[in-house]
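> Give me a 3D structure for the following:
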Amino acid sequence: MGRIARLFRGQGDRVTTKGLDERTQFRAYVRLKSGGTIAEATLDRYEQAAFDGTRNVVGLLPWLEGQRLNAETVAAYHEIVLLRRYKPNSRVPICSGLNWYLRWKRIRDEDGENVRFPIPATEAAENARVIGDDEYAVLERYLRAKGDLRELAAVLVQRDTGMRPSDVTTIPLGILDVEGETPRIRGKKQQKTRTFVSPYLAPQTAEVLRRYLEAYKPEAYLFEIAPRKPFHRRWILEILRRACRAAGLPEDITSRTFRRTLATKWKGDVKDLQAQGGWADPKTIFKHYRLLDEARHLEGFEKTFGIKAKPEPADLEDPAFR
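Presented below is the predicted three-dimensional model:
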């Protein structure tokens, strides 16, 4: 028996002459070249951009319809499809995924340079908003009246932490501390940035979570759709959409709204805000999340110059005001 035959002896039908399909090869290549740190959900989006597209936007390979993949067809797809159907912020992950595919296929131009889709600069939201205290009070009151502990707990955690929905739905039970004096989530690895954060939780949130854990008894994750299987990130968005509609609130209140509200109202240092909400780069906070707050602006001005910009209210004990 030869050396190769001895190597694969006993493997049975687990070793075949049939190669891996192209999708699997592509995912394996990206996983290898990214150092194994890329999330499976991100690989799903990259695969979808290249092989399938979405319900409304055709993917790169279906759009080619047998045409050769080269610099000309890449430029045409970018102009005809991507620029017309995606805004700059949405185009960033699409172009990133397609560039991985081009790199894997070693597509080069006439000068031997790698062909790439241009990555657009991200833009701040045009109509960015935060959720007001009155709006949140209405939302929480509706969720408490509805009586679904799981949905209430999810929104409270979303409000306190400002984390992305993909991180809220994948909190392992082992890092949740709701019994100590300072309830918090200890060392949550972010799905997007792969960094670790340890956000604090409000006491009332911890109280709701204790009741929720006693009632639902999840096994591995805080929010499970099935034993040991976390909810998809869109679950949080669906909770908010349904609750806002039922409570008579605007339906543009999303997880990002809570994230922006936390960044705007945060009173401490930006470094601490990063640890609470899971931002890897403070530039992202200032560009996309932290909106102008007039009260904070005025307070900063007064502290900087040591003056009171607003007059003190009249002293009613002063005889002149009796």
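
> Is it correct that Leu273 is in contact with Leu262?
Yes: at 7.4 Å, Leu273 and Leu262 qualify as touching, with contact defined as Cβ atoms under 8 Å. Where you see a C-beta, it was placed from the backbone N, CA and C, and this is true even at glycine.

> The two: who's more crowded?
Applying other Cβ atoms under 10 Å to Leu273 and Leu262 shows that Leu262 carries more neighbours, namely 24 against 20.

> for Ile38, what are its contacts?
Each residue near Ile38 by Cβ atoms under 8 Å, 6 or more residues apart in numbering is listed here: Val30, Arg31.

> how close does it get to Gly174?
Distance of Ile38 to Gly174, given as Cβ to Cβ, to the nearest Å: 24 Å.

> mind showing which ranges of the stretch 201-322 of the chain have poor pLDDT?
Filtered on pLDDT under 70, the stretch 201-322 of the chain yields the residue ranges 287-288, 291-292, 301, 308-322.

> where exactly do the strands run in it?
Ranges of strands in the stretch 201-322 of the chain, per DSSP state E, counting those that start in this stretch, are 224-226, 229-230.

> In JSON lines: those, plus distance to Cys95 and mean neighbour count.
As requested, the strands of the stretch 201-322 of the chain are exported to JSON lines (distance: least, Cβ to Cβ, whole Å; neighbours: other Cβ atoms under 10 Å):
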{"stretch": "strand 224-226", "distance to Cys95": "32", "mean neighbour count": "12"}
{"stretch": "strand 229-230", "distance to Cys95": "29", "mean neighbour count": "16"}
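
> Nearest to Tyr77, out of those strands?
For Tyr77, the closest of these is strand 229-230, at 34.8 Å, according to Cβ to Cβ.

> quick one: buried residues of stretch 216-236?
The neighbour-count check on stretch 216-236 (16 or more other Cβ atoms under 10 Å) flags Pro218, Tyr221, Leu222, Phe223, Glu224, Pro230, Phe231, Arg233, Trp235, Ile236 as buried.

> and the first one, what are its phi and psi?
With angles defined as degrees, to the nearest 10, Pro218 sits at phi -60, psi 160.

> pretty sure it contacts Ile225?
No: between Pro218 and Ile225 there is no contact under Cβ under 8 Å: 10.1 Å.

> Domains in the chain, by residue range?
18-105, 133-302 (automatic domain parsing).

> most tightly surrounded among these?
Mean neighbours per residue, mean count of other Cβ atoms under 10 Å, is largest over those for domain 133-302, with a mean of 16.

> Now do the end-to-end distance for that domain.
Counting by Cα to Cα, to the nearest Å, you get 25 Å between the two ends of domain 133-302.

> Which helix or strand contains Ile131?
Here Ile131, judged by DSSP states H and E, is contained in no helix and no strand.

> Tell me which residues touch it, please.
Leu139, Ile253, Thr257, Phe258, Thr261.

> Enumerate every residue touching Leu237.
Per Cβ under 8 Å, 6+ apart, neighbours of Leu237: Pro165, Thr254, Ser255.

> where does the nearest residue to the last one once chain neighbours are set aside land on pLDDT?
Spatially, and ignoring its direct neighbours in sequence, Ser255 is nearest to Pro165 (4.4 Å; Cβ to Cβ, 6 or more residues apart in numbering). For Pro165, the model assigns a pLDDT of 93.
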